[in-house]
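Chemist: Need a 3D model of the sequence below.
(one chain, ligands or ions: 1)
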Amino acid sequence: MEEQNLENLTYNSNPNVTYSEDSIKVLEGLEAVRKRPAMYIGDVGDRGLHHLINEVVDNAIDEALAGYCSNIIVTLHADGACSVNDDGRGIPTGPHPVKKVSTLEVVMCTLHAGGKFDKNTYKVSGGLHGVGVSCVNALSSNCIVTVYRDGTINQQTYSEGHPTSELKLLGETNKTGTNVMFYPDATIFTTVQFRFGRTADRLRELAFLNPKVSITLIDEAEELKEVFHFVGGLVDFVKYIDESTTVLVPEVSISGTDISSNGTPTEVEVCFHYNNLYSENLLSYVNNINTIEGGTHVSGFRSALTRTLNIYANEHLSKSKSKISLTGDDFKEGLTAIISIKVAEPQFEGQTKTKLGNGEVEGIVRSIVADRLNIFLDANPNAAKKIIEKAVLAAEARMAAKKSRELVRRKNDIGGSALPGKLADCSSKIPEECELFLVEGDSAGGSAKQGRDRRNQAILPLKGKILNVQKARLSKVLENNEIRDIFTAIGAGFDEEFLSEKSRYGKVILMADADIDGSHIRTLLLTLFYLYMRELINDGKLFIAQPPLYKLKKGKQEFYAYNDKERDENRLDGISISRFKGLGEMNPPQLWDTTMNPETRTLCQVKIEDAAIASKIFQTLMGENVEPRREFIEKNAQYVKNLDI
Ligand code: 0RA
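Modeler: Prediction:
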């Protein structure tokens, strides 16, 4: 188990809490970044640390978008540094027109000076993005920038955002480019250990989105190297995500540029196909930023897809069938789609500033997608037929599901009296303080009911394994009693209509055994939340309980070990160690002490670190293979002790 990290959480909970216009005015320059790092990079844990790499890589990608850079090499050095090497134009090193120092020093040491001087580029703004390479410099104990430009090699060094050397001429070169090498400041970050896997996930995504760029990742200590270069772009991305599913039709690949406005053109790229599953998998990006909350580019795509396919269906279906009206939802089943647009002045809105607001984009995307999709349908009648048939089946299932949907909905509306019979609810009705434990098995459920704090802890025991919702369509999902009970207990709806703020509980805690079966059940539940109540995860309300694995006994004294390391550290004379086979083996007070008591328990908060990877994982987890499921849980749960939001 990883080390538990309290600090991490405070910063993770809401990066924007300390943000106000005034605070920016008062604190100027890079000191502000060091004082309030979370305001600039989100948090000072693992995520923020890796954000430093992203920030420098984004600058290199900007060079690529401007047409000047095609190779990026990211190296995780054995001594803890990270360097990002690109073959772009190189940061200008000549004197800055306004300030007295070099442009390089201005870029590195001035907040928001960034590299974004050019007018005609796709600027990244809003959210936590585009804070500039100077933030990386500010948060590094040492930083060394080497520029290849105008036939010469120049270098300057910095510490905590201040220059520690003049700009030095190192020699001559015929290359151009920039190398930023930085040591993250250990007094600021709770961890300064870069991880290959995490870095690779983002670089892979960037390589899919920018097919002209080759990105190499090297980990010196681990002796790992991977080159990400996907000439197929989004087509490769879609195939990668659906590697382990059965694809029904060839992918539809669309790209177009809108030049109707006078400024920088808007570039639209879309790729999608259909697999044999029932859920939808849609990823959207604006200027390489994952727009988790969607926005106008996504609605433009959806309306083009629905409208174009409907028209096609009604024109081509045999005359005997009456006209059908397929809804947007009917075209979602089995859809894997990636939308990537580049727009000059993106407006980011929404709770996490990941929703595109630019109104004009909707029409642009709609017309480009409708246009190209029509061409595809005419050229590929077999694929067209398959897509329509799948949607018709979905429509039929939708009508069939209507009844059960209404049943569940009605139960949600009525509230209290219609709660599931198996639910042992808590007495408090204040969602923020209420917790719902979804407990594997009736016997553990019984112990939990007796051991809990009934004021704010509710228990819903679940019988065995719930349905794998990834493999079933909504009508089947709603027929499943356990799942209906979960929807009803939480009381916030499901699917499109799910509203996290209506949740009757501030925390929903999955509590299953620490064995393979338990992992399986957790994964099935995670899949349910991921597909039908994702907002609950995005709002940080989903948790995984951590029951102990061992009971250690010395004389009359008993204590618990939560992992093998803890057990081995306590392997002293006269200590007897027994393994808990399951939650059901613990009596109510034991369960309270070890797993449920907020003072002493450990909870893992479930987070979606990276939407692309999450989609891929959920597709991969379709198989009967249990091991990857457990790996997923171990990787994605963040270990947090005494969680207190
Ligand atoms: C300022 C201006 C220009 C490019 C850059 C900065 C730049 C920054 C970084 C950071 C990492 N790699 C980078 N490459 C370039 C434009 C240069 C010009 O107009 O010639």
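Chemist: Surely Leu438 and Tyr505 touch.
Modeler: No: assessed by Cβ atoms under 8 Å, Leu438 is found out of contact with Tyr505, at 10.4 Å. For the C-beta atoms, the positions are set from N, CA and C on the backbone; glycine is no exception.
Chemist: Contacts only, for Leu139.
Modeler: Counting by Cβ atoms under 8 Å, 6 or more residues apart in numbering, Leu139 touches Val33, Arg34, Pro37, Ile41, Leu52, Gly161, Pro184, Asp185, Ile188, Phe189.
Chemist: hmm, try it at 7 Å
Modeler: The contact partners of Leu139, by Cβ atoms under 7 Å, 6 or more residues apart in numbering, come to Val33, Arg34, Pro37, Leu52, Pro184, Asp185, Ile188.
Chemist: ditto for Asp539
Modeler: Ser500 are the contacts of Asp539 under Cβ under 7 Å, 6+ apart.
Chemist: How confident was the prediction at it?
Modeler: According to the prediction, Asp539 has pLDDT 92.
Chemist: nearest to Lys422, of the contacts of Leu139?
Modeler: Pro37 (46.1 Å; Cβ to Cβ).
Chemist: how much space is there between the closest one and the ligand?
Modeler: 20 Å (Cβ to the nearest ligand atom, to the nearest Å).
Chemist: Repeat that for Leu104.
Modeler: 8 Å.
Chemist: For that residue, grab the count of nearby residues.
Modeler: Residues near Leu104, counting by other Cβ atoms under 10 Å, number 23.
Chemist: Provide a list of residues in contact with it.
Modeler: Ile91, Pro92, Thr93, Val145, Val147, Gln156, Leu167.
Chemist: For this structure, give me the ranges with low pLDDT.
Modeler: Applying pLDDT under 70 to the chain flags the ranges 1-28, 113-130, 318-323, 407-417, 621-645.
Chemist: looking at the sheet around Glu172, what are its partners?
Modeler: With DSSP bridges as the criterion, Glu172 is bridged to Thr152.
Chemist: Can you verify my assumption that Thr306 contacts Asp329?
Modeler: No: contact criterion Cβ atoms under 7 Å: Thr306 and Asp329 do not qualify, at 9.0 Å.
Chemist: tell me which element Val84 falls in.
Modeler: Taking DSSP states H and E as the definition, one finds Val84 inside strand 82-86.
Chemist: Repeat that for Gly300.
Modeler: helix 296-316.
Chemist: Now for Lys168: which residues touch it?
Modeler: With contact set as Cβ under 7 Å, 6+ apart, Lys168 has these partners: Asn154, Gln155, Gln156.
Chemist: how about the strand holding Val84 against the ligand, any contact?
Modeler: Yes: using Cβ under 6 Å from any ligand atom, strand 82-86 comes into contact with the ligand via Asp86.
Chemist: what lines up beside that strand in the sheet?
Modeler: Strand 82-86 has these strand partners (DSSP bridges): strand 71-76 (antiparallel), strand 177-184 (antiparallel).
Chemist: Tell me if the shortest one is near the ligand.
Modeler: No: if you take Cβ under 6 Å from any ligand atom as the test, strand 71-76 misses the ligand, and the best it gets is 8.8 Å.
Chemist: quick one: buried residues of that strand?
Modeler: Buried positions in strand 71-76, judged by neighbour count with 16 or more other Cβ atoms under 10 Å: Asn71, Ile72, Ile73, Val74, Thr75, Leu76.
Chemist: what residues does the chain put near the ligand?
Modeler: Contact residues, the chain versus the ligand (Cβ under 6 Å from any ligand atom): 56, 59-60, 63, 86, 88-89, 91-92, 107, 115, 117, 133, 178, 180.
Chemist: Just to be sure, which of those are found in helices?
Modeler: If you go by DSSP state H, the residues of the chain next to the ligand have Val56, Asn59, Ala60, Glu63, Val107, Val133 in helices.
Chemist: Just give the nearest non-adjacent residue to Gln48, would you?
Modeler: To be clear, residue 48 is Gly; Gln isn't right here. Spatial nearest neighbour of Gly48, excluding adjacent residues (Cβ to Cβ, 6 or more residues apart in numbering): Ile41 at 4.4 Å.
Chemist: got a list of what that neighbour touches?
Modeler: Ile41 touches Gly48, His51, Leu128, Val131, Cys135, counting by Cβ under 7 Å, 6+ apart.
Chemist: any idea how far the most far-flung residue of the chain relative to its centre lies from the ligand?
Modeler: What lies farthest from the middle of the chain is Gly555; by Cα atoms, centre = their mean that is 47.6 Å. Taking Cβ to the nearest ligand atom as the measure, Gly555 falls 63 Å from the ligand.
Chemist: Which residue is the nearest non-sequential neighbour of that residue?
Modeler: Take Gly555 and drop its neighbours on the chain: the residue closest to it by Cβ to Cβ, 6+ apart is Gly574, 7.5 Å away.
Chemist: One more: Ala612?
Modeler: Among residues not flanking Ala612 along the chain, Glu205 sits closest, at 5.1 Å (Cβ to Cβ, 6+ apart).
Chemist: ok, now Leu542?
Modeler: Val606 (4.4 Å).
Chemist: For the stretch 301-450 of the chain, which residue gets nearest to the ligand?
Modeler: Closest contact between the stretch 301-450 of the chain and the ligand, by Cβ to the nearest ligand atom, is at Ala344 (16.6 Å).
Chemist: Helices of the stretch 301-450 of the chain, start to end?
Modeler: Remark: helices assigned in the stretch 301-450 of the chain by DSSP state H, counting those that start in this stretch are 359-379, 381-414, 442-451.
Chemist: For Phe498, which of those is the nearest?
Modeler: With Cβ to Cβ as the criterion, Phe498 lies closest to helix 381-414 of the helices of the stretch 301-450 of the chain, at 10.4 Å.
Chemist: what packs against the closest one?
Modeler: helix 296-316, helix 474-479, helix 481-490 (3 or more Cβ pairs under 7 Å, 6 or more residues apart in numbering; DSSP states H and E).
Chemist: got the ones you listed as TSV, with distance to Thr266 and mean neighbour count columns?
Modeler: What follows is those, written out as TSV (distance: least, Cβ to Cβ, whole Å; neighbours: other Cβ atoms under 10 Å):
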stretch	distance to Thr266	mean neighbour count
helix 296-316	9	20
helix 474-479	35	20
helix 481-490	40	22
